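1. The sequence and its predicted three-dimensional model are supplied below.
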Amino acid sequence: MGLKCGIIGLANVGKTTIFNCMSSTKALTSNVATGTGKSNISTINVPDNRLYELEKFQPTERIVHTTVEIVDIPGLSKTTGKGEGNKFLADVRNCDALIHVLRCFDDPSLPHIDGSIDPVRDIETVNFELQVRDLESVEKKLQKVEKAAKVGDKEAKKAFEVLSVYKNHLESFKNASTVPVDEHDKKYVDDLFLLTTKPVIYVCNVDEKSAVNGNQYSNRVKEFLKDEKTEILIIAGKVEAEISELESEDDRKAFLADVGLTEPGVNKLIRAAYSLLNLETFFT
């Protein structure tokens with residue numbers, strides 16, 4: 001089974017629009033409110049100009065790109081805690097890395113589910129939902145090892161200590177990826193596949209005029225994440241969608257030039273997703 005990179009975020013942030021720009025199979029926008037949303041998956045070629053340069057020296061019948069599986073996961077919704085909503089979190093668990101799309105554009109005809117545009121708040125909302133699910137997983141395992149720890153099982157006692165650190169960390173609204181435990185001790189949570197340990201890149205979905213340099217919203221995201229080891233990409237999803245619909249390569253290049261780009265932003269995103277999965281490319 002191939003490694004998967006999941007696209008996450010709140011509803012109406014442009015996740016499916018960006019997914020469709022990458023994928024040859026077009027997905028419909030999910031309707032979370034009525035429960036009809038479902039995850040879409042596509043195997044996507046990773047753009048790599050090196051292949052065409054190599055072909056100049058070694059002609060080949062066809063060029064085969066490396067691929068990555070991208071999963072478009074329906075928008076997460078804000079809940080009040082345990083046992084509510086977000087049935088799509090199981091799909092997040094099955095992904096190896098995440099692309100978090102943030103709404104960084106204004107559009108009165110497309111209301112934000114929280115009533116205003118604030119990508120930093122959206123990051124915190126999604127993180128909270130993932131943290132709640134992780135906390136549930138940690139607490140369930142704590143209950144299992146507690147009895148054995150009380151009767152003197154040394155391994156169970158150590159597991160209980162480590163799990164307690166994770167529990168306190170998550171209850172402090174912090175992701176499991178930053179928990180202060182030794183690398184060796186992380187083995188006690190390996191079987192939980194915690195959601196907030198997955199590597200993440202962030203995509204600021206901006207308007208056309210902000211496609212090159214971003215805007216006030218994307219700047220806030222950069223400031224908020226300045227201390228995190230992550231990548232932040234700026235993509236004008238609506239523009240990218242229009243470009244992807246053009247059949248002529250010349251027309252695509254002209255459109256890109258008009259907005260100040262040298263290549264589609266989603267190409268950078270696909271390469272970043274491939275890199276996030278820590279895969280290596282072999283030329284054969």
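-> That came through fine.

2. how about the strands in the stretch 101-250 of the chain?
-> For the stretch 101-250 of the chain, the strands defined by DSSP state E, counting those that start in this stretch occupy 200-206, 231-235.

3. so of these, which one's packed in deepest?
-> Each of those was scored by mean neighbour count; the highest is strand 200-206, a mean of 25, by mean count of other CB atoms under 10 Å. For every residue, glycine as well, the C-beta is placed using N, CA and C.

4. Parallel or antiparallel, list what pairs with that strand.
-> strand 97-104 (parallel), strand 231-235 (parallel) (DSSP bridges).

5. show me where this protein has helices.
-> 15-22, 50-57, 89-93, 119-150, 154-171, 216-224, 237-244, 249-258, 265-276 (DSSP state H).

6. Check the ones you listed for me and report the most buried one.
-> Per stretch, and counting mean count of other CB under 10 Å, the top mean among the helices of the chain goes to helix 15-22, which has a mean of 24.

7. so how far is it from its chain's centroid?
-> Distance of helix 15-22 from its chain centroid, counting by CA atoms, centre = their mean, to the nearest Å, is 13 Å.

8. Need the contact partners of that helix.
-> Helix 15-22 is contacted by residues 7-9, 26-30, 40, 42, 44, 70, 72-73, 75, 101, 203, 205, 235, 237-238, 240-241, 243-244, 264, 266, 269-270 when judged by CB atoms under 8 Å, 6 or more residues apart in numbering.

9. what's the angle between it and strand 97-104?
-> Interaxial angle, helix 15-22 versus strand 97-104 (axes from the mean of the first three to the mean of the last three CA atoms, to 10 degrees): 120 degrees.

10. returning to what we had before: which one of the helices of the chain lies closest to residue 194?
-> With CB to CB as the criterion, residue 194 lies closest to helix 119-150 of these, at 4.6 Å.

11. other SSEs contacting the closest one?
-> Contacts defined by 3 or more CB pairs under 8 Å, 6 or more residues apart in numbering; DSSP states H and E place helix 119-150 against helix 89-93, strand 97-104, helix 154-171, helix 216-224.

12. will you turn those into CSV that also has mean pLDDT?
-> Putting the helices and strands packed on helix 119-150 into CSV (pLDDT from 0 to 100) gives the following:
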stretch, mean pLDDT
helix 89-93, 88
strand 97-104, 96
helix 154-171, 95
helix 216-224, 97
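
13. got these as JSON lines, with distance to residue 66 columns?
-> Below are those laid out as JSON lines (distance: least, CB to CB, whole Å):
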{"stretch": "helix 89-93", "distance to residue 66": "24"}
{"stretch": "strand 97-104", "distance to residue 66": "16"}
{"stretch": "helix 154-171", "distance to residue 66": "35"}
{"stretch": "helix 216-224", "distance to residue 66": "29"}
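
14. Quick one: closest of these to residue 122.
-> Each of these has some distance to residue 122 by CB to CB; the shortest is strand 97-104, at 5.7 Å.

15. Pull out the buried residues from that closest one.
-> Applying a neighbour-count criterion of 16 or more other CB atoms under 10 Å, one finds 97, 98, 99, 100, 101, 102, 103, 104 buried in strand 97-104.

16. orientation of it relative to helix 265-276 in degrees?
-> Relative orientation of strand 97-104 and helix 265-276, computed by the same axes, to 10 degrees: 150 degrees.

17. Which of the strands of the stretch 101-250 of the chain sits closest to residue 212?
-> Smallest distance to residue 212 across the strands of the stretch 101-250 of the chain (CB to CB): 7.8 Å, for strand 231-235.

18. give me the low-pLDDT residue ranges for the stretch 151-284 of the chain?
-> Residue ranges of the stretch 151-284 of the chain with pLDDT under 70: 279-284.

19. The residue nearest to residue 235 when sequence neighbours are not counted and residue 67, how far apart?
-> In space, and not counting its chain neighbours, residue 235 is closest to residue 265: 3.8 Å by CB to CB, 6 or more residues apart in numbering. As judged by CB to CB, to the nearest Å, residue 265 and residue 67 stand 19 Å apart.

20. Repeat that for residue 162.
-> For residue 162, the distance to residue 67 - CB to CB - is 37 Å.

21. now the end-to-end length of stretch 58-74.
-> From its first residue to its last, stretch 58-74 covers 43 Å (CA to CA, to the nearest Å).

22. what's the average pLDDT for that stretch?
-> Mean pLDDT, stretch 58-74: 79.

23. now that stretch, how far from the centre of its chain.
-> With CA atoms, centre = their mean, you get 19 Å for stretch 58-74.
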